[in-house]
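1. Could you look at this predicted model? Sequence included:
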Amino acid sequence: MREDVRNCVKAIRKITDFKPLVAITLGSGLGNYAQKIRTVCEIPYDTLPGFPMSTVSGHDGRFILGYVKKTPVICMKGRVHFYEGYSMDQVVMPLRVMQGLGAKILFLTNAAGGLNETFRVGDLSMITDHISVFTVNPLIGPNDDKEGPRFHDMTQAYDLKLQKLLEETAKRLKIDLKRGVYVQLTGPSFETSAEIRMLRLLGADMVGMSTAVEAIVARHMGMRVCGVSLITNMAAGISKELLSHDDVKRAGEEAEPRFVRLVTESVAAMGAHAAKRAAGKTAAGRKTKAAGSKR
Ligand code: HPA
């Protein structure tokens, strides 16, 4: 574990021995979800040594550790962005801390502009894949082989089983869940109309300024990843309206009840699925041992 990450993990371990399974990041306008967590402990970022703090309005800054139904989670209320002037290494550092505390699944959420013309403002869209080539890769620099390989596979970055659980949950809750490819740009400017035409040609459905880099690092560390975008606006030139951060926050408030239900129920389903998988692995381990001892 890197020193900066280890220092934060140590500081948290002095306060709690809580072990999360799912790490949740909350996008712009979606921060209120944190109130739905049965909180065990809250850790303001400014109490952690060297932890990056957000400068954007609407971005609170603390970890919330607790339960969503029976699933232990750690939730990031507020995150920093590359456009704030942080290095990409700092941007993804909180994710490393959550993994360092034990999280095995990363549930990303973000606010995004809609590129797909079948989308509407307020839609929730599951991230099936991403395009991150317009931003800096967070793994540039020396590689720690104990953490993950120098060149890691990204063929199926968003876990198929978690996608299935999300879609099944949405169906059960009668929530219309779109699906699409998310493209991350650096921001902070919103895109021009020409850039949006280009991104559509490249196959992107949602555009935003976060999360793909977190998915890259999470996969490098062997975490399973899934994500949901809230379409807070149609991207530049698709709608005639000009874009503002206030619209992004407002759309978050409107979508909140649906978002809360979808995240809560799918995180619960993921917890149950992970427990079943772990039990299966233990049973398989016991069988192999027993077979070995017969020989
Ligand atoms: N572009 C980039 N990021 C965004 C947008 C957008 O249209 N909406 C919310 N985040």
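-> In hand now; what should we look at?

2. element containing whatever residue of the chain ends up closest to the ligand?
-> Taking Cβ to the nearest ligand atom, the ligand has its nearest neighbour within the chain at residue 113, 2.2 Å off. Quick note: C-beta positions are derived from backbone N, CA and C, even for glycine. Applying DSSP states H and E as the criterion places residue 113 in strand 105-114.

3. Distance from that strand to the middle of the chain?
-> 6 Å (Cα atoms, centre = their mean, to the nearest Å).

4. Name every strand pairing with that strand and say which way it goes.
-> Strand 105-114 has its sheet partners listed here by DSSP bridges as strand 22-26 (parallel), strand 206-208 (antiparallel), strand 224-234 (parallel).

5. my read: the residue of the chain closest to the ligand touches residue 208, true?
-> Yes: here residue 113 lies in contact with residue 208, judged by Cβ atoms under 8 Å, at a distance of 6.9 Å.

6. more crowded one of those two?
-> Shown here are residue 113 and residue 208; by other Cβ atoms under 10 Å, residue 113 has more neighbours (28 against 25).

7. On the three-state scheme, residue 214 is what?
-> Recorded secondary structure, residue 214: helix (DSSP: H, G, I helix; E, B strand; the rest coil).

8. That one and residue 253: what is the separation?
-> Residue 214 is 24 Å from residue 253, where distance means Cβ to Cβ, to the nearest Å.

9. Between those two, which is the more surrounded one?
-> Counted by other Cβ under 10 Å, residue 214 and residue 253 do not tie: residue 214 has more neighbours, with 27 against 11.

10. Give me the nearest residue to the more buried one, chain neighbours excluded.
-> Leaving out its chain neighbours, the residue that sits closest to residue 214 by Cβ to Cβ, 6 or more residues apart in numbering is residue 95, at 5.0 Å.

11. Okay, and the one you found sits in which element?
-> For residue 95, the enclosing helix or strand under DSSP H and E is helix 88-100.

12. Near residue 285, how many other residues are there?
-> Residue 285 has 10 nearby residues by other Cβ under 10 Å.

13. Ok, residue 274 next?
-> Residue 274 sits with 18 neighbouring residues when counted by other Cβ under 10 Å.

14. part of a strand, is it?
-> No: checked against three-state DSSP, residue 274 lies outside a strand; its state is helix.

15. Pull the contacting residues for it.
-> With contact set as Cβ atoms under 8 Å, 6 or more residues apart in numbering, residue 274 has these partners: 21, 104-105.

16. how about residue 224, what does it touch?
-> Contacts of residue 224 by Cβ under 8 Å, 6+ apart are 104-106, 159, 161-162.

17. Of those, which is the most crowded?
-> Busiest of the contacts of residue 224 [other Cβ under 10 Å] is residue 106, holding 26 neighbours.

18. Do you know the pLDDT at that one?
-> With respect to pLDDT, residue 106 has a value of 98.

19. which two from the contacts of residue 224 end up farthest apart in space?
-> 106 and 161 (13.9 Å; Cβ to Cβ).

20. Show me what stretch 1-10 is in contact with.
-> By Cβ under 8 Å, 6+ apart, stretch 1-10 touches 48-51, 93, 96-97, 100-101, 144.

21. same question, stretch 250-258
-> For stretch 250-258, the external contacting residues (Cβ under 8 Å, 6+ apart) are 27-30, 32-33, 111, 121-122, 124, 175, 230-233, 259.

22. Pull out the buried positions in it.
-> 250-252, 255-256, 258 (16 or more other Cβ atoms under 10 Å).
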